[in-house]
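Q: This is the structure alone, sequence omitted:
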């Protein structure tokens with residue numbers, strides 16, 4: 001390949017990477033996470049694998065949550081090796097902090113179908129990925145042999161439970177067949193260690209969560225304005241995905257639930273094919289995922305198909321008023337699975353005293369919600385408009 005062709009191929013690769021890349025945090029954020037994980041390994045080594053790419057996926061390739069959390073790298077087939085610094089002890093030599101990102105070599109025939117990928121031969125690979133070192137996946141076996149001691153080591157990896165899938169099973173089996181590991185090697189599940197890191201969100205992660213939350217809130221507002229008798233549930237579900245999609249969300253955070261009438265009582269309703277009738281209550285449980293920030297586990301709205309006047313004291317008016325506050329609680333705070341659900345919030349709100357106007361409302365929110373009163377009033381105004 002001549003210099004002009006090589007330059008053109010590099011420019012195309014860089015353009016494609018920038019066009020499809022998720023919004024990444026600074027490389028230093030991911031590096032800090034890897035260092036914190038290394039400090040928890042107690043002399044062991046972390047070895048994680050990204051899922052391979054498949055050509056027949058419905059929603060396209062999605063990185064593994066923990067792999068992306070540690071790397072910020074969205075492409076398939078990669079692997080990471082992380083080892084903390086260790087002093088010499090007995091038969092184990094001293095070891096500096098080590099991190100290696102292994103990338104599969106480029107397959108130009110496959111790239112015609114799946115698009116260009118970054119290969120380990122790229123001289124800017126370390127700079128583009130933010131790793132201390134990038135190597136070919138073909139070199140993993142030899143790198144492991146050089147790094148690991150001559151006997152006994154604990155490898156922290158993705159150990160699947162009963163009925164679970166893991167991207168580590170096949171690669172680890174190949175490495176075992178290639179005699180990569182010393183005698184006495186044992187496996188430990190790395191997920192509890194990574195989960196302990198993810199409990200505390202850094203500023204960059206919070207910013208991405210806010211973008212996912214705000215896009216999902218906007219989608220709920222748009223959907224609420226479109227709800228009326230004669231509209232199909234699937235139209236509302238499609239509108240939700242369109243609205244958060246145009247705000248940067250790359251996919252749904254979970255399968256949307258849009259249920260009207262009796263379907264609104266089905267917790268995991270999935271058909272989304274009923275026509276909304278006059279007087280129906282519609283439940284929407286849906287949220288978008290922005291740059292792998294899939295922390296919105298419960299963004300829910302409860303809305304009647306026919307909007308009663310705010311001053312009406314009928315049961316449906318009270319339910320609607322309560323649902324508006326319940327929607328505020330669930331979406332603005334970005335509730336997680338251990339937070340209050342919309343239904344329970346509605347029941348609480350229906351029995352709350354002195355709720356004639358937003359400014360006079362007083363509620364006791366869970367500490368985890370941390371809902372700002374001014375934000376609540378602002379959301380009330382938006383939803384009423």
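A: Structure's in. What do you need? Only a predicted model underlies this, so the values are computations on that prediction, with no experimental measurement involved.

Q: number of nearby residues for residue 118?
A: 21 (other Cβ atoms under 10 Å). Heads up, the C-betas are built off the backbone N, CA and C, glycines and all.

Q: same thing with the one 3 residues further on?
A: The number of residues packed near residue 121 is 11, by other Cβ under 10 Å.

Q: Okay, now the unreliable bits of the protein?
A: Residues of the chain that meet the criterion pLDDT under 70 lie in 1-21, 55-57, 91, 294-385.

Q: which residues in it form strands?
A: With DSSP state E as the criterion, the chain has strands at 45-49, 79-83, 98-103, 134-136, 151-157, 183-189, 251-252, 257-260, 281-285, 288-289, 300-304.

Q: now these in TSV, with distance to residue 164 and mean neighbour count?
A: Listed next are these as TSV, based on distance: least, Cβ to Cβ, whole Å; neighbours: other Cβ atoms under 10 Å:
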stretch	distance to residue 164	mean neighbour count
strand 45-49	15	24
strand 79-83	19	21
strand 98-103	23	22
strand 134-136	29	18
strand 151-157	13	18
strand 183-189	10	13
strand 251-252	21	18
strand 257-260	24	26
strand 281-285	25	23
strand 288-289	21	26
strand 300-304	28	23
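
Q: Only the buried residues of stretch 210-230, if you could.
A: For stretch 210-230, the neighbour count (16 or more other Cβ atoms under 10 Å) marks 211-221, 223-224, 227 as buried.

Q: so of these, which ones are in helices?
A: Cross-referencing those against helices under DSSP state H gives 211-221, 223-224.

Q: Turn the residues you listed into JSON lines, columns for distance to residue 192.
A: As requested, these are arranged in JSON lines below (distance: Cβ to Cβ, whole Å):
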{"residue": "211", "distance to residue 192": "28"}
{"residue": "212", "distance to residue 192": "25"}
{"residue": "213", "distance to residue 192": "27"}
{"residue": "214", "distance to residue 192": "31"}
{"residue": "215", "distance to residue 192": "31"}
{"residue": "216", "distance to residue 192": "29"}
{"residue": "217", "distance to residue 192": "32"}
{"residue": "218", "distance to residue 192": "36"}
{"residue": "219", "distance to residue 192": "34"}
{"residue": "220", "distance to residue 192": "34"}
{"residue": "221", "distance to residue 192": "38"}
{"residue": "223", "distance to residue 192": "38"}
{"residue": "224", "distance to residue 192": "40"}
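
Q: list the contacts for residue 170?
A: Contacts for residue 170 (Cβ atoms under 8 Å, 6 or more residues apart in numbering) come out as none.

Q: Try it again at 10 Å.
A: Residues in contact with residue 170 (Cβ atoms under 10 Å, 6 or more residues apart in numbering) are 49, 52.

Q: measure it to residue 60 for me?
A: 21 Å (Cβ to Cβ, to the nearest Å).

Q: Adding distance to residue 31 as columns, could you present the strands of the chain in CSV?
A: Written out in CSV, the entries for these read as follows (distance: least, Cβ to Cβ, whole Å):
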stretch, distance to residue 31
strand 45-49, 14
strand 79-83, 11
strand 98-103, 8
strand 134-136, 13
strand 151-157, 18
strand 183-189, 23
strand 251-252, 27
strand 257-260, 38
strand 281-285, 36
strand 288-289, 24
strand 300-304, 37
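
Q: Which one of the ones you listed lies nearest to residue 236?
A: strand 257-260 (4.9 Å; Cβ to Cβ).

Q: Which neighbouring elements make contact with the closest one?
A: Secondary-structure packing of strand 257-260 (3 or more Cβ pairs under 10 Å, 6 or more residues apart in numbering; DSSP states H and E): helix 233-245, strand 281-285, strand 300-304.

Q: Is it correct that residue 236 is in contact with residue 263?
A: No: counting by Cβ atoms under 10 Å, residue 263 is not a contact partner of residue 236; they are 11.9 Å apart.

Q: Overlap in contacts, the two.
A: By Cβ under 10 Å, 6+ apart, residue 236 and residue 263 have these common neighbours: 272, 276, 282.

Q: Please identify which of these is nearest to residue 175.
A: residue 272 (44.2 Å).

Q: Distance of the closest one relative to residue 58?
A: Taking Cβ to Cβ, one finds residue 272 at 16 Å from residue 58.

Q: Those two: which is more packed in?
A: A side-by-side neighbour count of residue 272 and residue 58, using other Cβ under 10 Å, places residue 272 first with 20 against 4.

Q: mind listing the helices for the protein?
A: Under DSSP H, the chain gives helices at 3-20, 27-39, 65-71, 108-114, 125-129, 140-147, 169-177, 191-198, 203-226, 233-245, 315-332, 342-350, 373-384.

Q: helices or strands next to the shortest one in the packing?
A: In other words, helix 125-129. With contacts defined as 3+ Cβ pairs under 10 Å, 6+ apart, helix 125-129 has these neighbours: helix 3-20, helix 27-39, strand 98-103, strand 134-136.

Q: so what's the nearest residue to residue 136 once chain neighbours are set aside up against?
A: Leaving aside its chain neighbours, residue 136 sits nearest to residue 120 (4.2 Å; criterion: Cβ to Cβ, 6 or more residues apart in numbering). Each residue near residue 120 by Cβ under 10 Å, 6+ apart is listed here: 78, 101-106, 126, 129, 133-139.
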